[in-house]
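In: Sequence and computational prediction follow.
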Amino acid sequence: MKRHVAAPVGVLVALALMLICILPACTGVAVPTYQTQDSSLNPAQYVNPFIGTSPFSDARSGFSFDSGDVTPAATYPMGMVQWGPDTTTRIPGHYYYPDTAIKSFSLTHFSGRGCSAWGDFPFMPYVGAFASLSSFSHSNESAHPGYYQVRLDGPNVNVELAAAAHSGMGQFTYPSSTHSSMLINAGGSVNGNSNASVSINTSDNEVTGQATSTVGCGSEHYTLYFAAQFDHPFTHARGNGTSAANLTFDTTPNQVVHVKVGISFVSVANARQNRDREIGSSNFTAVRNAANATWNARLNTIQVQGGTEDEKVIFYTALYHCFFHPNVFSDVNGQYLGFDGKIHTVARGHAQYENIPGWDNYRSLIRLRAIIAPNETSDIAQSLVNDAQQGDGHLPRWEQANVDSHGMNGDSGDIEVAEAYVFGDTNFDAPGALMAMVNGQPKVREGYNDYVNLGYVANGTAGNSVVITQEYTNDDFAIAQFAQALGNTADYNTFMQRSNNWANVLNTTSGYVQPRNSDGSWAANFSSTSEHGFQETDSAQSTWMESFNLRGLFDALGGNSVVVGRLDTFFTRLNDGSTSQYAFMGNEPSEEIPWEYDFAGAPSHTQEVVRRIETQLFTNTPGGLPGNDDAGSLSSWYVFAAIGLYPEIPGVGGFVTGSPLFTAVTIHLAGGHTLQINAPAASDENPYVQSLNLNGQPTTSLWLPWSTVKNGATLDFILGSSATSWGSSASDAPPSFP
């Protein structure tokens, strides 16, 4: 695969400033903004957008789990548009690297999800008679942050796409022909369309339209609008009032056809305004370079040195994937469609966001975003609060457009908001958030009455009764921490007490969490590798979920030595699927488990296991992700693993300690503060911590509170190839909260 080498960061920053008026910032409208670091690093050059587009090499979980499902589309950080290729295999990311044909280039994608969504307004160039797909070769394909390119063999058209926040620009190089054509299919959304139409204005070379489809893994509807303007007149145009526009151009005098397109969830007028205010009269190169400069500024929030060339590519591609979603939902004029179906306007300097998957993202992604993108993270929290207040009162579990699809399980919006707050991203309606957390539970929690009255969700009430009980206890613990931070002692006490409910589904005789009947008896025919009582996991994996009270869990399981031995067996296999006695690091429920050795007095085991996961499951290849990336979930885990810290405890600001993969890591925090991590001996072969200094003072503590580093800190690791007893005393363990 080809990667484009971009200019040095200083040049890109200057270019971004020159081009700034193609971006929404020149309008005073809220879109993601990024601090620019003065550095010679150019991290965008290391991004390989094709990582995660092919099945993992040691696939064990079936097609729906074994591909990363990411898209190589042209994207802007957290942008509304992801304009990219849709290949012939029906896969949630719409692009499957083993495919040899492309059927269209749609404007919206969800990267890494396990179920299909979006794929709106696919464009397809052709010459002469329409062909529904075209063969292509990876040797004639490339991608880079903000840009995608491919040559289609059939029509002999070179396709180039670039993205801005709410818009995109296409550059299509046709053969010299009077029959060069473009199909825009408003009725081509991946989940089908209940309504779709286009309107063609030949005097302005413009096509507008709308499409109504269903969200991913749900039945709720959304409507999206587009406005596309071409620089070539239409010699023929067909489709007014139908669901698709067929356009023909004469490319004999000029073979390059440009189109600028904006989208909006509010109206065609807003889609047109998004396009015109972001791109305006800018040319394709300017749009592409502006996106690249913005990505470079974003990726420079974490700067790494050392490691192999492939490890740099894996790291910066992972960080890149962490900023695909959530997506800006408000338009350049601040308008967005609320959960009440009404148009609302965000305050100047802020944005409303959508595509917020709580279950997928609370363990790693929201915690990473909280420390390096605080303004955006505050707005994400406020977006969830807005959704609750404009809807039925609950924080969405899996928010898409202006609906909650209720995907997966738990009540994870609580954790996402609480974690934004605890890491200092407090610029949102925190009292309103707490009210929604407390009062909205009956609207989002299946088995709510069981959970409150029995202390667990009973077998028979829900097929995933055990795991939703566990998720609710994590949610309640986070609510308790949030309430305490707001000075609400009553709610703190209530939800701390409820967070103990995990113990009600732990059978200390078997040493596993198990389904439990409403009369208190354990359900018959229990198997630790069955999905009965669970969802995308089993008891062998889910038993480890209570990361806020691991001391209590470990004591119930027989103590540290028993736990360490059991974890050692568990990590004999690293990615064994969802119904296994071993780890499944390709899915979210296993993300926190490698770090749990720290709580059992065996930090060297965390260091060794994490290094094996980094080097064996993440590679610089199309199959280089061990499972669905789920909006950057696996990628954010890798970023934390590579820097040697992990935010293990929901709703608590701080990190457990692993070991850095790179010799130096510089993390740029809010307020101009820097967390500097040095490990001069770091390498694949040196995962073991020999000693650690915090701000020049020796420490053996495995817990690094956020309060210690938020205003800047320096960690100096001495690493080696042999395990030591460093950090293994009981007093070194991270905190547990009984």
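Out: Sure thing, it's come through.

In: Helices of the stretch 501-650 of the chain, residue ranges please.
Out: For the stretch 501-650 of the chain, applying DSSP state H, counting those that start in this stretch gives helices covering 539-542, 550-557, 560-570, 603-617, 633-643.

In: make that the stretch 301-450 of the chain, sorry
Out: 309-321, 358-361, 365-372, 374-390, 413-422, 430-439, 441-444, 448-453.

In: And these, which one averages the lowest pLDDT?
Out: Ranked on mean pLDDT, the bottom entry among the helices of the stretch 301-450 of the chain is helix 358-361, at a mean of 93.

In: and that one, what does it pack onto?
Out: strand 398-400, helix 413-422, helix 633-643 (3 or more CB pairs under 8 Å, 6 or more residues apart in numbering; DSSP states H and E). For the C-beta atoms, the positions are set from N, CA and C on the backbone; glycine is no exception.

In: run the last query once more with 10 Å
Out: Packing partners of helix 358-361 (3 or more CB pairs under 10 Å, 6 or more residues apart in numbering; DSSP states H and E): helix 365-372, strand 398-400, helix 413-422, helix 465-485, helix 633-643.

In: now it: how far from the chain's centre is it?
Out: 9 Å (CA atoms, centre = their mean, to the nearest Å).

In: what's the closest of the helices of the stretch 501-650 of the chain to S590?
Out: helix 539-542 (5.8 Å; CB to CB).

In: model confidence over that closest one, on average?
Out: 98.

In: give me every residue that touches the residue nearest the centre of the chain.
Out: For the chain, the residue nearest the mean C-alpha position is A631 (2.5 Å; CA atoms, centre = their mean). A631 makes contact with 70, 110-113, 321-322, 324-327, 355-357, 360-361, 365, according to CB atoms under 10 Å, 6 or more residues apart in numbering.

In: In strands only, show me those residues.
Out: Assigned to strands by DSSP state E, the following of these qualify: 327, 356-357.

In: Closest to N501 out of these?
Out: P357 (24.2 Å).

In: Could you report the pLDDT at A523?
Out: The model's pLDDT for A523 equals 98.

In: List the residues that contact it.
Out: Neighbours of A523 in contact, by CB under 10 Å, 6+ apart: 458-460, 465-466, 514-517, 532-533.

In: May I have the strands that pair with the helix or strand containing I184, each with its orientation?
Out: Element membership for I184, per DSSP states H and E: strand 180-185. In the sheet, strand 180-185 lines up against strand 123-127 (antiparallel), strand 244-249 (antiparallel) (DSSP bridges).

In: and the nearest residue to T724 once chain neighbours are set aside, how many neighbours does it have?
Out: Ranked by CB to CB, 6 or more residues apart in numbering and with sequence neighbours excluded, the top spatial neighbour of T724 is Q690, at 5.5 Å. Neighbourhood size, Q690 [other CB atoms under 10 Å]: 16.

In: In which helix or strand does Q690 reside?
Out: Counting by DSSP H and E, Q690 is part of strand 688-694.

In: May I have the strands that pair with that strand, each with its orientation?
Out: For strand 688-694, pairing defined by DSSP bridges yields strand 697-698 (antiparallel), strand 713-720 (antiparallel).

In: before we move on, the earlier item: as TSV, the helices and strands packed on helix 358-361 with mean neighbour count would be great.
Out: As requested, the helices and strands packed on helix 358-361 are exported to TSV (neighbours: other CB atoms under 10 Å):
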stretch	mean neighbour count
helix 365-372	26
strand 398-400	27
helix 413-422	29
helix 465-485	27
helix 633-643	27
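
In: among these, which is nearest D379?
Out: helix 413-422 (9.4 Å).

In: packing partners for that closest one?
Out: Using 3+ CB pairs under 10 Å, 6+ apart, helix 413-422 sits against strand 356-357, helix 358-361, helix 365-372, helix 374-390, strand 398-400, helix 430-439, helix 441-444, helix 465-485.

In: and the last one, how far out from the chain's middle?
Out: Read it as helix 465-485. With CA atoms, centre = their mean, you get 22 Å for helix 465-485.

In: Let me see the confidence value for the residue nearest to H394 when sequence neighbours are not counted.
Out: Spatially, and ignoring its direct neighbours in sequence, H394 is nearest to G440 (2.9 Å; CB to CB, 6+ apart). The model reports G440 with a pLDDT of 98.

In: could you dump stretch 555-568 to CSV, C-alpha only?
Out: Output of stretch 555-568 as CSV, limited to C-alpha atoms (Å, rounded to 0.1, in the frame of the first residue of the first chain):
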residue,chain,number,x,y,z
ASP,A,555,-10.4,-11.9,48.0
ALA,A,556,-13.6,-13.6,47.1
LEU,A,557,-11.8,-15.7,44.5
GLY,A,558,-9.2,-16.9,47.0
GLY,A,559,-6.5,-14.2,47.2
ASN,A,560,-3.7,-12.9,45.1
SER,A,561,-1.8,-16.1,44.4
VAL,A,562,-5.0,-17.9,43.1
VAL,A,563,-5.8,-14.8,41.0
VAL,A,564,-2.4,-14.5,39.4
GLY,A,565,-2.3,-18.2,38.5
ARG,A,566,-5.8,-18.0,37.0
LEU,A,567,-4.9,-14.8,35.0
ASP,A,568,-1.7,-16.5,33.8
